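Novice: sharing a model prediction with you, sequence too.
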Amino acid sequence: MSRELAILEKLEKELNLKQLQIKSLLTITQAINDNISAEGLYNMYKSFLSWEMEIDKMVLFIKEEDKWNCAATINASKENSGVLVPKIIKYKRLHTIKDEDEEILTDFDIIIPVFHKEQPLAYAIIGGIREKSDLYNRIQFITTITNIIAVAIENKRLFKQQIEQERLKREIQLASEVQQMLIPESFPCCEEYALSKIYKPHFNIGGDYIDFISFDKHRFAFCIADISGKGVAAALLMANFQAIIQTFIYQYRDLETFIFALNQAVYRITKADKYITFFIAEIDIRKMELKYINAGHYPPVLINGGKLRRLEEGTTVIGAFEKLPEIKEEIIPINKDALILSFTDGLADLRNENGEFFEDKKIENFVINNCNKTPVEFNEELMSEINIFKGDQEYSDDIAVLTCKVF
């Protein structure tokens, strides 16, 4: 009779444990469906282990990006738990800790790894379970709950990452659209002068900027700039930069004052965190005169009366200093058929398969050999030359080219 009673007690105990496990499983599953926070899931996991499974000690590690984070503990220090990581991540299956294992592990009984497609997601290291009854079932159920919690946390991380990527994608799309609106689609071509552009952003959003300003029928200006950095921040700075240029260029009648005011305005925005290389040229067709200032930009190439020179005079970059050092405007008499090639450093930094650069000498020779063409023809030939030179290599940086010719 006593034997039958013992069997009944054992069966009742096992039934109660199964009911408890099912209840715990349903509670955790419902919490996951209700999108409970990661912290909430960790607290449920700790409560389940300590109160329902009567676990004495536990450390749970979750992989976040490329680092292992101690997410939850029972009777263990989070601060000191990091020393366990190198000892446990070698295991790919449930491991029972033995006497011959490293001493640091002897306070625990089992190591539970959680993998997904051979990628580790989590490790739980459990202590105080060996002396418990129904050991096998307890270990199996703890393993199941650990897997459910770890996978739920990983799904949360992936979902958050997806949301972040979608947000960033929308931001980039918006910034790209804004930037495309800032770059003129076409440039003027008339009897007296013509301009043409090449614009190749490295990514969807570049840091290069080109623009054209008409004062009257016979006087105009064009500019080219390279904003430090890439992406959304560069696009937003470019939008501010264009607005400042369009305001100041009509407000100040000489280029030196214009550059001085431009630098102060950009510095107030960036606080020297970013800077802009900038070149601006003003051409008066009646006077056949070119005025320009180069603010730290890659020197444009001028071919004038059959002679080639670089346009280097000016000052340092825009936005790096609260006050610019000496600003020098140069005035050059120009002949008919003068051509100016301005570009960002993405052109000179372009490499071919042999690691050779599309260097200054190549650019200057190209200008000499093609200066009789119209700006559109010139840029088409330049684009062809670029494609032949780089071959299958990707663009390593943004490329902006603005070609101007006086007829």
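Specialist: Ah, there it is.

Novice: for the rest of this, base every contact and every neighbour count on C-alpha atoms.
Specialist: Will do.

Novice: low-confidence ranges, the stretch 101-250 of the chain, go.
Specialist: Scanning the stretch 101-250 of the chain for pLDDT under 70 picks out the ranges 133, 202-206, 230-231.

Novice: can you pull out the helices in it?
Specialist: Under the criterion DSSP state H, counting those that start in this stretch, helices of the stretch 101-250 of the chain are mapped to 135-182, 231-251.

Novice: so what touches the shortest one?
Specialist: Identification of contacts with helix 231-251 by Cα atoms under 8 Å, 6 or more residues apart in numbering yields 171-172, 175-176, 178-179, 182, 203-207, 209, 213, 227-228, 258, 261-262, 265-266.

Novice: PyMOL command for the buried members of the residues you listed?
Specialist: Buried members of these can be picked out in PyMOL with the line below, counting by 16 or more other Cα atoms under 10 Å:
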select buried, resi 172+175+176+178+179+182+204+205+206+207+209+227+228+258+261+262+265+266
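
Novice: ok, back up a step: for F222, find the nearest of the helices of the stretch 101-250 of the chain.
Specialist: Closest approach to F222 among the helices of the stretch 101-250 of the chain (Cα to Cα): helix 231-251, 10.7 Å.

Novice: just the CA trace of that closest one, in CSV.
Specialist: What follows is the C-alpha trace of helix 231-251 in CSV, where atoms were taken according to Å, rounded to 0.1, in the frame of the first residue of the first chain:
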residue,chain,number,x,y,z
GLY,A,231,25.1,61.1,-46.4
VAL,A,232,22.2,62.9,-44.8
ALA,A,233,24.3,65.4,-42.8
ALA,A,234,26.1,66.5,-45.9
ALA,A,235,22.9,66.9,-47.8
LEU,A,236,21.3,69.0,-45.0
LEU,A,237,24.4,71.2,-44.9
MET,A,238,24.3,71.5,-48.7
ALA,A,239,20.7,72.7,-48.5
ASN,A,240,21.7,75.4,-46.0
PHE,A,241,24.8,76.3,-48.0
GLN,A,242,22.8,76.8,-51.2
ALA,A,243,20.3,79.0,-49.4
ILE,A,244,23.1,81.2,-48.0
ILE,A,245,24.8,81.5,-51.4
GLN,A,246,21.6,82.5,-53.1
THR,A,247,21.0,85.2,-50.5
PHE,A,248,24.5,86.6,-50.2
ILE,A,249,25.5,86.5,-53.8
TYR,A,250,23.0,89.3,-54.6
GLN,A,251,23.6,91.1,-51.3
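
Novice: give me the buried positions along it.
Specialist: Burial within helix 231-251, assessed by neighbour count using 16+ other Cα under 10 Å, is assigned to G231, V232, A234, A235, L237, M238, A239, F241, Q242, I245, F248, I249.

Novice: cool, and stretch 359-374?
Specialist: Of the residues in stretch 359-374, those buried by neighbour count under the rule 16+ other Cα under 10 Å are E364, V367, I368, N370, C371, T374.

Novice: please apply the same query to stretch 143-163.
Specialist: Residues T143, I145, T146, N147, I148, I149, A150, V151, A152, I153, E154, K156 are the ones in stretch 143-163 that count as buried (16+ other Cα under 10 Å).

Novice: leaving out chain neighbours, which residue sits closest to the third one?
Specialist: Ranked by Cα to Cα, 6 or more residues apart in numbering and with sequence neighbours excluded, the top spatial neighbour of T146 is A124, at 7.3 Å.

Novice: now the fourth one
Specialist: Nearest-residue entry for N147: V114, 5.9 Å, with adjacent residues in sequence omitted and distances by Cα to Cα, 6+ apart.

Novice: what is the one you found paired to in the beta sheet?
Specialist: Under DSSP bridges, the beta-bridge partners of V114 are A122.

Novice: how deep is it tucked in, by neighbour count?
Specialist: 25 (other Cα atoms under 10 Å).

Novice: and the helix or strand hosting E381, which residues are buried?
Specialist: Element membership of E381 [criterion: DSSP states H and E] is helix 375-390. When burial is assessed from 16+ other Cα under 10 Å, helix 375-390 yields the following buried residues: P375, V376, F378, N379, L382, I386, F389, K390.

Novice: how far is stretch 60-70 from where the chain is centred?
Specialist: Taking Cα atoms, centre = their mean, to the nearest Å, one finds the center of stretch 60-70 at 23 Å from the center of the full chain.

Novice: list the buried residues in it.
Specialist: By neighbour count, with 16+ other Cα under 10 Å as the criterion, the buried positions of stretch 60-70 are L60, F61, I62, K63, W68, N69, C70.

Novice: tell me if the first one really is in a strand.
Specialist: By that I understand L60. Yes. Residue state for L60 (DSSP: H, G, I helix; E, B strand; the rest coil) corresponds to a strand.

Novice: before we move on, back to that, show me what contacts the residue nearest to N147?
Specialist: For V114, the residues meeting the contact criterion (Cα under 8 Å, 6+ apart) are K92, P120, L121, A122, Y123, T146, N147, A150.
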